[in-house]
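J.: Prediction below, plus the sequence it came from.
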Amino acid sequence: MITTDTAAFREALPTGGRLLGLDVGTKTIGTALCDAGWSFASPALLIRRTKFTADKVALVAMIGEQHVTGLVIGLPINLDGTESPRSQSTRAFARNLADLGLPILLWDERWSTQAVERQMIAEDISRAKRAERVDKLAASYILQGAIDALVRV
């Protein structure tokens, strides 16, 4: 199941469980994990993209090791609410993960990278370190927004 509907995703996960958040870029995939009670999201690994099959192997390993029950994938939507080629690419990425049998929530990620960048600048983190961390932190920001919405449903 792939959905943008938080309530439908919540129904697919009646017992909760750990969720894996993904910020899918062209060069990297930022990942984040939340606790089984859906309280907080934490940055996890940064996967350097190669071929999709290798990316999927890395994700499958992480899913198994962390006992993940669902995926939250950031969906890049334009500021006016329309979808772009990146949105379509992310939807295709999600469809290619559908055979894992996990529910997938596509979550609006419009402001994730900007919010994370602003926070790191406020913390006076160097540009080089920001570039290294931004995708993992964006995945955490995306996942936190989703789990906050899930507990309200």
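T.: Noted; the coordinates are in hand. Numbers count the residues shown, from 1 in each chain.
J.: Work out for me the element the most centrally placed residue in the chain sits within.
T.: Nearest to the mean C-alpha position of the chain, counting by CA atoms, centre = their mean, stands residue 22 at 2.4 Å. Residue 22 belongs to strand 18-24 when elements are defined using DSSP states H and E.
J.: C-terminal to that strand, which secondary structure element comes first?
T.: Heading C-terminal from strand 18-24 (DSSP H and E), you reach strand 28-34.
J.: Can you list the strands that that following strand pairs with?
T.: Paired neighbours of strand 28-34 in the sheet (DSSP bridges): strand 18-24 (antiparallel), strand 41-48 (antiparallel).
J.: List the residue ranges of this structure that fall below the pLDDT cut-off.
T.: Applying pLDDT under 70 to the chain picks out residues 110-118, 120-135, 153.
J.: tell me the helices in this protein, going along the chain?
T.: Remark: helices assigned in the chain by DSSP state H are 6-12, 52-66, 85-97, 112-122, 127-152.
J.: export these to JSON lines and tack on distance to residue 105 and mean neighbour count?
T.: (Glycine included, C-beta is placed from N, CA and C.) Converted to JSON lines, these look like this (distance: least, CB to CB, whole Å; neighbours: other CB atoms under 10 Å):
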{"stretch": "helix 6-12", "distance to residue 105": "4", "mean neighbour count": "16"}
{"stretch": "helix 52-66", "distance to residue 105": "15", "mean neighbour count": "14"}
{"stretch": "helix 85-97", "distance to residue 105": "9", "mean neighbour count": "15"}
{"stretch": "helix 112-122", "distance to residue 105": "14", "mean neighbour count": "16"}
{"stretch": "helix 127-152", "distance to residue 105": "6", "mean neighbour count": "19"}
